[in-house]
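In: Could you work out the structure for the sequence below:
(one chain, ligands or ions: 2)
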Amino acid sequence: PVPVIIDCDTGIDDALALLLAVRHPGLDLRAVTCVAGNTDVEGVVRNTLTVLERAGAPDVPVARGAERPLIEAVRTARHVHGHDGMGDLGLPAPSRRPVDVDAVTLLRREILASPRPVTLIPTAPATNIALLLRTHPEVTGNIERIVFMGGAVATGNATPVAEFNVWHDPEAAAILLSAGVPITMYGLDVFQRVIVPGPDVRRLRASDEPGTRLAGELLAHRGPATDERDPGGGLGDAGAVCAVIDPAGLTTHRLPVEVCLAPGPARGQTLVDRRARVGEAELHGDTREQPLIDVGLDVDVPRYVDLYLSAVEHKGAY
Ligand code: BDR
Ligand code: CA
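Out: Numbering: from 1, shown residues only. Ligands and ions are numbered 1, 2, ... in the order given. Here you go, the predicted structure:
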């Protein structure tokens, strides 16, 4: 299995991502680190521990990370994820506590200890990852790839052009993009398209297996509705985990990406340069060097939905 670490702000769809990472036999979830985003970091830690218990993975180490972005103030997404960040489903408190080291320390320890290079899956503002890269740059030697949920080629969600995770901590996202390791951007353009149909969501909700049922409850909270009478639910962050398990389901192009950091309406935008590399840019005297990122532009929706359902329902059809 591929060794992975998820850095998240659980979060309804982060929870869906955790369930997949725990249940898919192709992944070895080595650790989970928490950061402020959808809700405060205290709530993120609590939600993450609860989800891992429900998923049947009570031993995966979980660490508390940054409680605020590098520069911005905390701005939660409780309007989307509920007051507790998990759809206010009334989930029980976890029975254990996070490890007694902070997220950056746990990330460093697990990355360097892994016999095989680790794939990092950030599904949240990149604060922890930026702090890691600046504090312990040697970790990049044992990182296979970073597959992150964030950014948008076209339309944003937090602002007309900025996606929430990048908007929440743009400086951290810029540091992540320049990590110097292979990076896949699983942005809103693909994120929003992977929707589990209503009948599947209802089947999951009716399951008597607690982890599967939780996946159904979380999906039912998400929408958007594919059919008003029988709404489905978006996989959201879990799609980034699908992209690690099955990269062939995601069509990517290697393109220069820049995070807009200047104050104003474009702050937090991921500016993806879709011009031909040796062409218009040079013709117009544009000599800026931006990191080249594998940007997700298209996704095989049924393929990722099947992958998700097979894993969370234990169908064993891998
Ligand atoms: C991202 O923002 C969060 O609300 C979701 O969990 C996802 O990671 C989408 O913009
Ligand atoms: Ca998230």
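In: R303 belongs to a strand?
Out: No - per DSSP: H, G, I helix; E, B strand; the rest coil, R303 lies outside any strand segment and is helix.
In: give me the number of residues near R97?
Out: Close neighbours of R97, defined as other C-beta atoms under 10 Å, add up to 11. Bear in mind the C-beta positions are built from the backbone N, C-alpha and C, glycine included.
In: per-residue confidence for it?
Out: For R97, the model assigns a pLDDT of 96.
In: Now it: phi and psi?
Out: Note on R97: its backbone torsions stand at phi -110, psi 160 [degrees, to the nearest 10].
In: mind listing what whichever residue of the chain sits closest to ligand 1 touches?
Out: Relative to ligand 1, the nearest point of the chain is F164 (3.5 Å; C-beta to the nearest ligand atom). The contact partners of F164, taken as C-beta atoms under 8 Å, 6 or more residues apart in numbering, are G37, A77, N157, A158.
In: among the residues you listed, which are in helices?
Out: Taking DSSP state H, every one of the contacts of F164 sits outside helices.
In: Neighbours of whatever residue of the stretch 151-300 of the chain ends up closest to ligand 2, how many?
Out: Ranking the residues of the stretch 151-300 of the chain by distance to ligand 2 (C-beta to the ion) places D237 first, at 4.7 Å. Neighbour count of D237, defined by other C-beta under 10 Å: 31.
In: How about the one 3 residues further on?
Out: Per other C-beta under 10 Å, the neighbour tally for A240 reads 29.
In: For the longest strand along the chain, name the packing helices and strands.
Out: Secondary structure of the chain per DSSP state E: the longest strand is strand 250-259. Applying 3 or more C-beta pairs under 8 Å, 6 or more residues apart in numbering; DSSP states H and E, one finds that strand 250-259 makes contact with helix 170-177, strand 183-186, strand 270-272, strand 292-299.
In: Only the buried residues of it, if you could.
Out: L250, T252, L255, P256, V257, E258, V259 (16 or more other C-beta atoms under 10 Å).
In: Which ones among these also lie next to ligand 2?
Out: The subset of the buried residues of strand 250-259 within reach of ligand 2, counting by C-beta under 5 Å from the ion, is empty.
In: can you redo those as a markdown table with distance to V153 and pLDDT?
Out: Formatted as a markdown table, those follow (distance: C-beta to C-beta, whole Å; pLDDT from 0 to 100):
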| residue | distance to V153 | pLDDT |
| --- | --- | --- |
| L250 | 13 | 98 |
| T252 | 11 | 97 |
| L255 | 9 | 95 |
| P256 | 12 | 95 |
| V257 | 9 | 97 |
| E258 | 12 | 97 |
| V259 | 13 | 98 |
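In: okay, those residues in JSON lines with distance to ligand 1 next?
Out: Below are those laid out as JSON lines (distance: C-beta to the nearest ligand atom, whole Å):
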{"residue": "L250", "distance to ligand 1": "16"}
{"residue": "T252", "distance to ligand 1": "19"}
{"residue": "L255", "distance to ligand 1": "20"}
{"residue": "P256", "distance to ligand 1": "22"}
{"residue": "V257", "distance to ligand 1": "16"}
{"residue": "E258", "distance to ligand 1": "19"}
{"residue": "V259", "distance to ligand 1": "15"}
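In: and of these, the nearest to D169?
Out: V259 (9.9 Å; C-beta to C-beta).
In: ok, what's across the strand from that closest one?
Out: Here V259 sits in beta bridges with T270, as judged by DSSP bridges.
In: got the contact list for it?
Out: G151, V166, P170, A173, A174, L177, G268, Q269, T270, L271.
In: Find the nearest non-adjacent residue to the fifth one, please.
Out: Going back to what we said before, that points to A174. V259 (4.2 Å; C-beta to C-beta, 6 or more residues apart in numbering).
In: and what of the last one?
Out: Distance criterion C-beta to C-beta, 6+ apart; nearest residue to L271, sequence neighbours excluded, is E258 at 4.6 Å.
In: Mark which of the contacts of V259 are buried, thanks.
Out: By 16+ other C-beta under 10 Å, the contacts of V259 give G151, V166, P170, A173, A174, L177, G268, Q269, T270 as buried.
In: Turn the residues you listed into a markdown table, columns for distance to D14 and pLDDT.
Out: A markdown table is the format used below for the buried ones among the contacts of V259 (distance: C-beta to C-beta, whole Å; pLDDT from 0 to 100):
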| residue | distance to D14 | pLDDT |
| --- | --- | --- |
| G151 | 17 | 98 |
| V166 | 16 | 98 |
| P170 | 20 | 98 |
| A173 | 17 | 98 |
| A174 | 22 | 98 |
| L177 | 21 | 98 |
| G268 | 19 | 98 |
| Q269 | 23 | 98 |
| T270 | 20 | 98 |
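In: out of these, which one sits closest to G11?
Out: Out of those, the member with the shortest distance to G11 (by C-beta to C-beta) is V166, at 15.4 Å.
In: looking at this, that closest one is in a helix?
Out: Yes - when three-state DSSP is applied, V166 is found to be in a helix.
In: All set now, cheers.
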